[in-house]
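[1] 3D model of this:
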Amino acid sequence: MGDNPSQPDKLPLSVFIIARDEADRITRTIHSVQGWADEIIVVDSGSTDGTVELCRELGARTEFREWSGYGEQKRYAESLCRNDWVLNLDADEELSVELQAEIRALWDAGEPVGTAYQLPFLGVHAWQEKGHPWTVSNYPIRLYRRSCGSFDPSPVHDSVQMSSGSVERLKGMVLHRSFRSLGHHVQKVNEYSSAQAEDLFRKGREPGLLKLLFSPPVTFLICYFLRREFVNGMDGIITSYLHAFKRFIRLAKARECFQRARHQHKQV
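    Residues are numbered from 1 along each chain as shown. Model (predicted):
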């Protein structure tokens with residue numbers, strides 16, 4: 001789908017999404033911005049499940065780029081946008097009806113007052129439709145002027161760094177359906193923790209005994225109580241344990257990287 005002139009009934013806003021094999025989830029994402037965002041761009045890194053074809057059918061512009069890490073992939077997608085105002089969503093995220101209305105209202109007086117906006121993220125478990133609002137604990141910047149900020153190039157973190165302007169916070173929520181199942185959760189933890197461990201190794205941050213010993217149980221308590229997963233009953237316990245395991249396996253893999261490097265150094 002080629003570039004079209006901005007339509008007057010749409011916001012001067014570009015939405016960009018990175019994806020790979022998300023045909024079962026990305027429709028919700030696109031539908032939540034369809035009809036009022038000026039353009040929707042999907043950067044695909046090699047889908048084989050029909051994601052690209054589906055996105056084109058839904059009216060999104062699609063581009064291919066080999067996977068280079070979260071930060072660089074999003075910076076590339078950002079660079080394709082024709083508008084200064086951009087909104088980033090992942091393929092497992094969608095704007096709630098309330099947040100859609102709130103974003104559209106930012107342009108009622110002409111231009112938004114801020115240069116960037118933090119959006120509340122509500123985790124939605126596989127068995128839920130909307131999730132429990134008490135579990136909101138993450139407010140990343142996802143709506144911003146790209147002339148005033150950009151994604152950090154980190155391969156494992158995807159945070160927007162603003163160079164100027166003010167940051168505001170919206171109230172409507174992004175519904176985040178991160179995991180299709182417990183098996184998918186464990187698979188993502190395994191993949192993501194490997195990339196995080198390599199990042200810790202590159203930075204020279206070898207985990208010690210105390211971190212390996214205390215970080216997992218502290219993570220469980222933070223997730224279960226401070227992030228209020230207790231409202232989800234037994235499923236909240238399972239989720240909290242998985243977060244603790246994610247922290248532990250990341251540290252264990254990082255330690256393995258340092259052990260391997262020392263072993264290779266001895267053999268030289």
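[2] which ones are touching the most centrally placed residue in the chain?
    With distances taken as Cα atoms, centre = their mean, the residue of the chain nearest its centroid is Asp90 (5.4 Å). Counting by Cβ atoms under 8 Å, 6 or more residues apart in numbering, Asp90 touches Ile17, Ile18, Ala19, Thr29, His176. In this view, the C-beta of every residue, glycine as well, is placed from N, C-alpha and C.
[3] Around the last one, how many other residues sit close by?
    If I follow you right, that is His176. Here the count is done by other Cβ atoms under 10 Å, and His176 has 18 residues near it.
[4] do the same with the second one
    Ile18 has 22 neighbours, counted by other Cβ under 10 Å.
[5] Could you list the paired strands of the helix or strand it falls within along with their orientation?
    Element membership for Ile18 (DSSP states H and E) is strand 11-19. Using DSSP bridges, strand 11-19 pairs in its sheet with strand 37-44 (parallel), strand 85-88 (parallel).
[6] Tell me how far the first one lies from the chain's centre.
    Looking back up the chat, that one is strand 37-44. Here strand 37-44 is found 16 Å from its chain centre; the criterion is Cα atoms, centre = their mean, to the nearest Å.
[7] ok, for Leu226, nearest residue in space, not its chain neighbours?
    Ser137 (7.3 Å; Cβ to Cβ, 6 or more residues apart in numbering).
[8] any idea of the pLDDT on the one you found?
    Here the pLDDT value assigned to Ser137 is 88.
[9] That one reaches Tyr224, doesn't it?
    No - using Cβ atoms under 8 Å, Ser137 is not in contact with Tyr224; the gap is 11.8 Å.
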